[in-house]
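**Q** Dropping the sequence and predicted coords here.
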Amino acid sequence: MIGIMADSHDNLHAVRQTISIFKETGCNLVIHAGDFVAPFAARELKNLNCPVKAVFGNCDGEKEGLRKAISSFGEIKKAPMVFTHEDLNFLVTHIHVSVKTYLSSGKYNVIIFAHTHKPEVRKEKTTLVINPGETGGWVSGKSTVALLDTKTLSAEIVHL
């Protein structure tokens with residue numbers, strides 16, 4: 001199981017709820033699709049006890065601080081981040097405008113994006129496209145994350 005979150009925007013209460021859910025469901029990887037905002041919020045993810053892969057979002061101004069905060073348990077870098085996990089090819093980005101282009105390449109089993117603060121799970125041909133929504137809940141008033149089952153290549157949106 002993979003936990004997916006984004007747009008946490010320093011909401012420590014929501015981040016801590018997310019960590020609890022991801023630990024309870026046995027996530028072996030957590031992906032953050034951008035907009036932690038500050039390093040103190042990113043540091044909380046060390047409590048997951050699993051690796052974290054993350055990309056910078058448009059509100060992540062303190063990039064070096066975020067790198068240092070995450071370096072002992074994961075990695076964060078400029079989007080897009082491309083990697084393989086459990087024989088699946090992933091692409092993670094923050095801004096959604098290039099998703100159509102990434103889809104047309106046919107290279108990825110899973111594309112994760114954020115920025116819109118609107119949760120979404122859809123299948124396009126052989127690619128699963130996921131936006132976990134906003135973990136922070138500041139814009140919509142609803143805090144959400146996603147859980148990805150890598151064995152069935154299916155995902156669900158979870159409301160905190």
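**A** Perfect, I can see it now.

**Q** Leaving out sequence neighbours, find the closest residue to K53.
**A** I31 (5.2 Å; C-beta to C-beta, 6 or more residues apart in numbering). No exception for glycine: its C-beta is placed from N, CA and C like everyone else's.

**Q** partners of the one you found in the sheet?
**A** I4, K53 (DSSP bridges).

**Q** Helices along the protein, start to end?
**A** 12-24, 39-43, 63-70, 99-105 (DSSP state H).

**Q** OK, contacts around the residue nearest to K53?
**A** By C-beta atoms under 8 Å, 6 or more residues apart in numbering, the residues touching I31 are 2-5, 52-54, 90, 92, 112.

**Q** got a pLDDT number for it?
**A** pLDDT for I31: 98.

**Q** I'd like the distance between it and G141.
**A** Distance from I31 to G141, counting by C-beta to C-beta, to the nearest Å: 24 Å.

**Q** ditto for G74
**A** Counting by C-beta to C-beta, the gap from G74 to G141 is 29 Å.

**Q** repeat for D149
**A** Distance from D149 to G141, by C-beta to C-beta: 28 Å.

**Q** Tell me which of those two has more neighbours.
**A** D149 (12 against 7; other C-beta atoms under 10 Å).

**Q** Quick one: residues in contact with the helix or strand of the chain with the lowest mean pLDDT.
**A** With mean pLDDT, DSSP states H and E as the measure, the helix or strand of the chain carrying the lowest mean pLDDT is helix 99-105 (a mean of 91). Helix 99-105 has contacts (C-beta under 8 Å, 6+ apart) with 80, 91, 93, 108, 111, 113, 124-125, 127, 129.

**Q** Could you identify the buried members of those residues?
**A** With neighbours counted by 16 or more other C-beta atoms under 10 Å, the contacts of helix 99-105 contain buried members at 80, 91, 93, 108, 111, 113, 127, 129.
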